[in-house]
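Student: here are the coordinates; sequence isn't available:
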């Protein structure tokens, strides 16, 4: 069905669209947005992975926009088990105005979008986390101004959030350096796409050289939900821990970001995440505001 505005990944939208969504979210944050633009609308949230920030921010955001929320968790729905994802998409489309899914399998997201006749939003898959990056860009710009032309460094596992950082670097025109161990490099397809789009992307195992003069240093948990071989991953990622020495290589006003939940003493030391350069709580808050922009963009006529 044409005309449906899904929000699946950043690479599927042009810069103007993403900027418009952020502008809308920021207007809501500042109390300047349209009052209850989604009154009478219903959003269903499907959680196949546990969540704190995603669930609360989407629920509160939809309610503040005047809409209603239904939450389906784990075994409370038959998605991909008792019936096909395509059939679930067809049925839910008759009941609600939009679907958000947080799942392990990106194929489920793709199937939902293909067969749904209402917008589908990616709340996280094992491949990407676009809503987080909308909040991250909003947070960066609130603290340091336009992100275009600046340098962001990712330290650690080249995971799903790193993939969305790669896509964001292209769409928002900033330099991205990814410092990762050889065994945990970012997805080759994402890197190939970014380079084909002319993105300024550098991949290295040398974390010190990557962080030098950075405007923002970002990391994530070493062991995510569903990851195996925790001890092996810890050994690989220990040199990529963000501590005072590493942050000292970045610019004096450099920000520290983490999408949370965090494990102090593993991917980041407590003095950094709880220190003055950390903006992780602003990031968490901005999930609410950025996602309100996404919801309004998807569902407003």
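Tutor: Right, received. Where do you want to start? As the structure is a computational prediction, the values presented were derived from the model and not from experiment. Numbering: from 1, shown residues only.
Student: what's the weakest-modelled helix or strand in this protein?
Tutor: helix 230-237 (a mean of 88; mean pLDDT, DSSP states H and E).
Student: Run through who's touching the helix or strand that comes right after it.
Tutor: Next along the chain after helix 230-237, taking DSSP states H and E as the criterion, comes helix 244-247. Identification of contacts with helix 244-247 by CB atoms under 8 Å, 6 or more residues apart in numbering yields 155, 207-208, 211, 217, 254, 256, 269, 271-272, 277. Backbone N, C-alpha and C define where each C-beta goes, glycine included.
Student: Please compute how far helix 244-247 lies from its chain's middle.
Tutor: Taking CA atoms, centre = their mean, to the nearest Å, one finds helix 244-247 lying 25 Å from the centre of the chain it belongs to.
Student: Please tell me how far the most centrally placed residue in the chain sits from residue 95.
Tutor: In the chain, the residue lying closest to the centroid (CA atoms, centre = their mean) is residue 132, at 2.4 Å. As for residue 132, its distance to residue 95 is 27 Å (criterion: CB to CB, to the nearest Å).
Student: cool, residue 63 as well?
Tutor: Going from residue 63 to residue 95 by CB to CB gives 18 Å.
Student: for residue 251, same thing?
Tutor: 50 Å.
Student: mind checking which helix or strand residue 203 is in?
Tutor: According to DSSP H and E, residue 203 maps onto strand 201-204.
Student: and the helix or strand just after that strand, what other elements does it pack with?
Tutor: Later in the chain than strand 201-204, the nearest helix or strand by DSSP H and E is helix 207-211. Judged by 3 or more CB pairs under 8 Å, 6 or more residues apart in numbering; DSSP states H and E, the packing partners of helix 207-211 are strand 151-155, strand 175-179, helix 244-247.
Student: For residue 210, which residues are in contact?
Tutor: Contacts of residue 210 (CB under 8 Å, 6+ apart): 153, 155, 177-179, 202, 204.
Student: can you redo those as JSON lines with distance to residue 223 and neighbour count?
Tutor: Formatted as JSON lines, the contacts of residue 210 follow (distance: CB to CB, whole Å; neighbours: other CB atoms under 10 Å):
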{"residue": "153", "distance to residue 223": "21", "neighbour count": "29"}
{"residue": "155", "distance to residue 223": "15", "neighbour count": "25"}
{"residue": "177", "distance to residue 223": "23", "neighbour count": "23"}
{"residue": "178", "distance to residue 223": "19", "neighbour count": "24"}
{"residue": "179", "distance to residue 223": "18", "neighbour count": "24"}
{"residue": "202", "distance to residue 223": "25", "neighbour count": "13"}
{"residue": "204", "distance to residue 223": "22", "neighbour count": "14"}
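Student: Closest one of those to residue 5?
Tutor: Ranked by distance to residue 5 (CB to CB), those are led by residue 178 at 30.0 Å.
Student: got a list of what the closest one touches?
Tutor: By CB under 8 Å, 6+ apart, the contact list for residue 178 reads 153-154, 158, 162, 165-166, 185-186, 201-204, 210.
Student: Having no further points to raise, I will conclude here.
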